[in-house]
Every structure is written in structure tokens, then in C-alpha cells.
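**Student:** task: produce atomic coordinates for the following.
(2 chains)
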Amino acid sequence: MSDDVMTDETEEKTPGRLGRIYQGRTTVDFVGRKRTWFTISMVIIVLGLASLGIRGFNLGIDFKGGSSWEVQTSHSTVAAITSAAEKAGLRDPTVEKLGSKTYQVTADINSLSADSQTALINKVANSLAKTAGVSTNQVSVTSVGPTWGSQITHRALEALIVFFIAVVAYISIRFEPKMALAAFIAMVHDLLVTVGVYSLFGLQITPDTVIAILTILGYSLYDTVVVFDRVRDNAGGILKSGDLSYGEMVNLSMNQTLARSINTSLVAILPVLSVLVVGADILGATTLQSYGLALFVGLMSGAYSSIFIASPLLAIMKEREPRFREMAERARLRSDQRVLTPAAAALYAGEGAQRLARPTASSGPRPRSAPGTLSRGTIQARARKQKRR
Amino acid sequence: MAQQVGSRRSLIVSLILTIAIAFGSLVATLSLGWGPKLGLDLAGGLSVVYKPATHASTADMQEVVTILNNRVNGLGVSGATVNLQGKNVVVSVPGVTDARRILQLVGETAQLLFRPVLCEATEAKKTDAVAKLPSCGSSYLFSAANLDVNTSTGEPSNNISPDPSFSNIATTKPNKDNPKDEVILPYLGESGVRYVLGPAQLTGTAVAKATAGQNQIGQWVVDYTLTKTGSPAWDKVAEANFHAEVAIELDGVIQSAPLILPSQSAFTSFNGQGEISGSFTESSAKDLAVAMEFGALPVRLNPLDTVTVSPTLGHSSLVAGLGAGLVGLLLVLLYTILYYRALGLVIVLGLAATAALLWAIISALGHTAFAPSFDLAGITGIIVSIGITVDSYIVYFERLKDEARAGRSVRTSVDRGFRSAWRTVLAADTVSLLAAILLYLIAVGDVRGFAFFLGLSTLMDVFMTWYFTRPLVILLGRRSTSSTSALSMVAGLTPGVSAHE
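**Tutor:** Numbering: from 1, shown residues only, chains lettered A, B, ... in the order given. Prediction:
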């Protein structure tokens, strides 16, 4: 296994993009190209909010009130199920096929009295069971009063507000208030993106969606904290040398955590994808679908916002502080932005006392074109073939 | 240079202990045959969320929980729970094959019944259920003649002993408690005391109001007012049972069985009002007053959300949830091995140990009343936490690569890398735990199960990072002397010397 790696490196002086991430030689200018990232997010959010204003949400029965019946059968059709429900006396039923063999019948019967509701629910259940060829016990019934959804939402909002306050307080104490603010904005970003995507694609909002969104915010924050922890680390280290502006330092931190961010996002998204594809589609557990969708959208957004939203925001806010403004000014005058590769920075940190000498910093106008020129010769993989002294 | 994170000896001890605890507890729970307590969306079953129709105090709602608990348990299904969540009462009955019948029995407003006391039955030694109860022996009858009430003391002159012919007959089950039949019911708060009661002669609808209070001599009594139609009906019952006992039955339990007008020598009309006295305490008097006035519950309950899940649907959800979790886990393992090569094996072993310990804890918690049942939301919580758990390894391994790039030897890298990674893991896991705890405390319904299992696996992550990953990787790192050792296989992990050429 190790041989593969080494031949890769020795034969190919400039590895592909993946290889660069793997070896910590990326120089993506996260902070400098903030306008691009912000524009992408704004477009998605504005689209989502516009759709929300025009179409609103596709609310599940938990929010509207109503009853639903679910039955599993492999030999029936939507039409047959609909006529069975109507024959039982159900007006305007909505029938959907979920997954491969689950049929869901939904209708609002809250205008009926409690007794006739119970009677109708049983009648429909019996009729569906007969059509599907199963016993009545195999029909799952959910009936929801009109106020249940608002109660869940109310509780979720309460949890959300308390969570926001606690988290901002925690990050302010553990890190610093500006990081808390940047992380908070990234969280709001994820919330808006998820909500917008739900409205855009007309996905059904259920109480499970609300749970999932709360998790997304927790995860988004978790991810931002990991990234910011690196920024704090560098702020106490490489930033002190005075050779890098705050923005350049944040950039370095992002590149340093890039491999981790990509790996973690993949590792977090793979199981969620499995929930969506294996759980909901193949095995037909429809409850999993609403979790999975929200989590999928949210995790992507959460991973994106930690790097592309929270970090540039932090850099912008910090560079307004007098002590960092000057450094940023100097960096601009220098005309060449320093985008250190993580590998180069690691070497620099390892050598400790040695100052970051100017000629060793990357000097290309497009930082992307000059990957890790600092001390390049000394850290090339060629050395790996040699035995330790 | 850097101080070492723990001595070799303590690292080995911690590693062996962790692995032994993880797999030992899994073997222990498996051999005990313990499994997780499945939620109703996995086992199939019934869940109803009730909301009080009018404003209700917390004490009222706790009363509701107690009453509903008795009712659900009386139905003889196991694993049923009644919880207060905020102002709502949640009734869950998992694993029920005939959910709709149970729903009707639980949702029904149980009636308060007035039944004449026929005789006292001895404690049941065997519990045979009989279709029709035998009659009480004539000498055991609680008739006015047998009791022979002394109007000056207000007490019966004769002490009638329990009828032994009922000792083999079971107490009437709540679902067999038909108002038109004779029944044997227990007496509230008196263990083993059972009365044989006649068919109900009046229901709780006759009572307009009942309050607990103290009479002139400081005894706790219950004063009640009857409705317009209830008043003559009650007079009829009272006259028929003059100087005998009338039991007040609620939910299959005798709340009280007062003697009718024991200090009067002849029956007179109650005129719509009455007072029950006896050996009441403050709380028992209040309970009786509540029972008489509200029938079953201190407040009327409206069902907000009723869910019945068929056992087949539950089963297919369980299979789907576990299937999705396993496939997801395999994908993650495959990826980490491809990316980290030999170090990926550390993740595989670590996740196996975490999974073993987690399963053991969930199974053990399933045997306590405390833990929420393991439902789809919980499975999702755990699936999400796979990302968080593996992230701790990723953070550490990426730090390792950083340290090695800085030209440090593998030996120092593992120590230094762990120290910075540990700080990151702690900070990030605190946020995750904070979210889980807040969700658990504030949210309702399924969210709590989700938050519980997310929080549990986050704690596990902190535990495993310190007691498993740290010793294992550091020990591996200290063993590695050549660049071809396991740890050096991580890309970019170049032995320190080369950078100083």
C-alpha cells in the first residue's frame, strides 16, 4: 500500500487536486473569493425565500390536522386504494404511494364530531385492509388535531432560541465573540438554505423535519467549531510572527482543515445517504425519508457554510480591528497575497524560531497556480525513500 | 521535547480495559438476552397525545398520569408508558397487535359508578376468572339486617367477616368490569381487601360538584351536590340501601363504601346534597372529591395526536433503519480504510468497540424505566453520530499529518497531535452535547429519543477518544521506528529527519 503512495509522489511532481488535498498542498483562496461564495449562497437563499413567499410550505397532516392511513401491499394501485377510501365515506382523500409498497391515504376529517371521526377512521381502515388483502391490524392510522403541529413548532422554536443563546455564549467564552457571531450567521444560513430547499422542491414538512433541522444546526455548529479551533490555534502561533494578515491566516487555516472538512462531511453524509437510499427507497421506511432529506440538505449546507461563509465573515470582522487592519493594509500593498500551503506552514511551525522569509512565500498573482512553494525542496516526497538517519 | 501523554504502562492498561469493557458488556447483555426497548414505530403499537381541554395545574396533570397509568396497566399489556410532557399526557402502548381496541378503552372516559356492597370477599389465593360470580353466603351479606346499624354511634353492631367462598375467584379485570354485572373489586389503598358488588345503580353523572373539607370536629369529609335529575335517583338508591353500604367505584377500584345515613333511624331525602365521612386523610378526601366530580379525570382530555403503527410496518421500519445504519457504517469504514490505509483499521476497531458498548448500554437502559424507548428517531440520532464519532479520528489523523509535515518524528507527532486534536474534539463535542441536552429538555415527542441517543453517542465519543484512540495510536506511534511502519503509511507522514537535509 505504502509503495503506491510513494511512487505516486516521486513520479508525479504536481499531483492532481485530490492528491494535493491528501498531501496538504492546497492553496484555495477561501477569504479572497468571498464575493463568489456569498453570491452563491445569496442566490440559493433568495430563491428559497421567494418560493416560500409564493408557494409556502407543503405541510404534513401534523401541522394542518387530519388523518392518515398507511397500508403495505405489493398488489394494488393508487386508483384502487382511492376508490376504497371513497367507498368507505372519505371525502377528497389524497393517496400517495410511498417507497415501493406503502400506500398513504390522507384527509382532513377534523370538522366531524369525535365519535363520527372514530367511526370513519375504523371504516376506512377496514375498507383499505380489504382492498390490500391484509387484516385491519396491519393498517397504521395517524390522526392529528389541528393544534398539535403548532405545539411542536412552538416547542422547537423555544429550543432553537435557547440553543442559539447557549451556543453563542459558549463560543464567546471558549473562543471569542466575533467567532460566535460568524458561527451564528453560518447557522442562520443553513437554516435558510434548508427551509428554502424544502419550499422549492415542495418537500413535506413533518415534525421529523423539525427535529432534523435542529440537528443540522447542531452539526453545522460542530463543524464550524472544529474549523475555528484551527483558526484560534494559528492566531496564537503563525499570526504572531506578523508575516501574515488575519485573512491570510484564516485562509491557511481553511486549507489546513480542508482534508478534514472533506473527509468529515463525506463520513457524515454517507450514512444519511444510506438512510435515504437504502432505508427510505429500497426498504420503504417512509418515516426515514423526511429525516434523511432534511439532514442531507442541511449537512451539505453545514459543511459548506463553515468554510465558505463563517470563515470569510470572521476574517472580514477581524480585519476591522485596528491591530489587524494595519496588517491587512500591508498585505494589500504587498500586492502578492500569501497563500501558504498547510504543508509549508507545518514546516514553518516545525522550525519554530526561523522567520517566514519573504522569498519563500508564494508570489504568483493567482495563488492557485503556485502550490506550496515554501521550502518545496525540503518537503518533497523524494525524501521518503531515504532511510532515517 | 513535548511531554508524553501518559506512560506506556497506563496507556496499555487503558487500552485493554476499554476493549475488555466494551466487548465484555456486549457479551454480558447478549448472554442475559437483553435487547433494546423498542419504540412503537419499530415494534408497532399505539401512541396518543392528550391535551387538557381546559387549564389544568401540574398537580391535576400528575393525577391524570396516575389514573391513565392504572387504566393502561389494567389492560394487561406490558411496556406501556404514560408520561407528562409539558402540559400534554403521552400514552404509548408498544407491541400491541390490536391497537384500536386498546385505544378505545384508554380513550374512554371511565365512569364513576355507585354499586351496592353485597359482601366482602377473602383475599384471592388462586386467580381463576369465572363467567358468573356465585352469590354471597347469607350470613356474609352486608344487608341492613346483618349489619344492624346502631344509630347512636353511627357504626354497625355486627362485624361481618369476608366470605371465604370467593378465595379462588379472581378480582374482576377492568375490561370485564361491566356496570350491569356483579363484580369483585379491590378497595383503594387497602391491599387484599375486596368487595363483591351488585350491578351499578347510578353513575357519576348524577354528581354536580364534590369538595373535600373539614367538619366541626376537624375530620376530613367530602361534601357533594347532586344534579337536578341526579337528586331523586340518588334518593332511590339510598333508600334501597338504607343502613347498608354503597360503593363508589372508579376505574375498577372502590374509592369509598359509605354506610347510608347510619345516624338516622328512618330514611329521609338527601335533597340533592350529602356528606361522606369516615377515616379520610386530607389527600384521600381530595382524591375522592376529584373522582366524584370529574368521573375519571380531573380535566377533560382531548386527543391531539393519535398514532397506531401496525406491527408489520414497525418491523419493516426496524429492518430499514438498521439496514440503512449498517450500509452507512460499511460505506464509512470502506472510505476511511481507502483514505487512511492502516490507520483506517484503528477507526474500524474503534467503531466496533463503540458500537459494542453503545448496544450494551442501550440494551441495559431498556431494562430501566428511565431511558426512552429505541425508536426510528433514536436510530437516526445514532446514524448522525457516526459522522461525529469518525470525525474525532479524522481530526487526530490530519493533525498527525501536520505534525509529520513539520518534520517531527512519528513518536512526537502522536503525542503533540493528540494534544491539539483532543482540544478540538472536546470543544466540538461540547457543542453537540449542548444541543442534545437542550433538545432533550425542551422538545416533545420523538425529539427526546433522538436527543437522548445523540447525546449518549457524543459522550461515548469523548470517552473512546481518550481511553481508546489515544493509547492505541500513541502506542503504535512509539513502536514505529521505520518509515514503513503502519503509521507512516499515512500520506505525508515523512520521518522528521528528511526535512532537515
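
**Student:** only C-alpha atoms from now on, for both contacts and neighbour counts.
**Tutor:** Noted.

**Student:** in stretch A:314-331, which residues are buried?
**Tutor:** When burial is assessed from 16 or more other Cα atoms under 10 Å in any protein chain shown, stretch A:314-331 yields the following buried residues: A:Leu314, A:Ala315, A:Ile316, A:Met317, A:Lys318, A:Glu319, A:Phe324, A:Arg325, A:Met327, A:Ala328, A:Ala331.

**Student:** low-confidence ranges in the stretch 1-150 of chain B?
**Tutor:** Within the stretch 1-150 of chain B, the ranges that satisfy pLDDT under 70 run B:1-6, B:70-79, B:95-111, B:126-129, B:131.

**Student:** quick one, strands of it?
**Tutor:** Assigned strands in the stretch 1-150 of chain B, in chain order: B:45-52, B:81-85, B:88-94, B:112-121, B:149-150 (criterion: DSSP state E, counting those that start in this stretch).

**Student:** highest mean neighbour count out of the ones you listed?
**Tutor:** A comparison of the strands of the stretch 1-150 of chain B by mean neighbour count, using mean count of other Cα atoms under 10 Å in any protein chain shown, puts strand B:112-121 on top with a mean of 26.

**Student:** and that one, what does it pack against?
**Tutor:** In terms of contacts (3 or more Cα pairs under 8 Å, 6 or more residues apart in numbering or on different chains; DSSP states H and E), strand B:112-121 is packed against strand B:190-197, strand B:202-203, strand B:246-250.

**Student:** distance between the last one and the chain's centre?
**Tutor:** Here the centre of strand B:246-250 is set off from its chain's centre by 30 Å, with Cα atoms, centre = their mean, to the nearest Å.

**Student:** repeat for the second one
**Tutor:** Its chain's C-alpha centre and that of strand B:202-203 lie 34 Å apart, by Cα atoms, centre = their mean.

**Student:** just list what it packs against, helices and strands only.
**Tutor:** Strand B:202-203 sits against strand B:112-121, helix B:230-240, with contacts defined as 3+ Cα pairs under 8 Å, 6+ apart.

**Student:** mind putting these in CSV, distance to B:Ser363 included?
**Tutor:** Conversion of the helices and strands packed on strand B:202-203 to CSV gives the following (distance: least, Cα to Cα, whole Å):
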stretch, distance to B:Ser363
strand B:112-121, 41
helix B:230-240, 54
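
**Student:** do a quick rundown of the helices in chain B.
**Tutor:** Secondary structure of chain B, counting by DSSP state H: helices at B:8-31, B:40-43, B:58-74, B:99-107, B:144-147, B:230-240, B:282-294, B:311-340, B:342-365, B:376-405, B:410-442, B:446-464, B:470-479.

**Student:** give the buried residues for the fifth one.
**Tutor:** Which is helix B:144-147. Of the residues in helix B:144-147, those buried by neighbour count under the rule 16+ other Cα under 10 Å are B:Ala144, B:Asn146, B:Leu147.

**Student:** okay, the second one and B:Glu182: tell me how far apart.
**Tutor:** Taking Cα to Cα, to the nearest Å as the measure, B:Asn146 falls 20 Å from B:Glu182.

**Student:** centroid-nearest residue for chain B?
**Tutor:** What sits nearest the mean C-alpha location of chain B, by Cα atoms, centre = their mean, is B:Thr81, with 4.5 Å.

**Student:** okay, and the beta partners of that residue?
**Tutor:** B:Ser92 (DSSP bridges).
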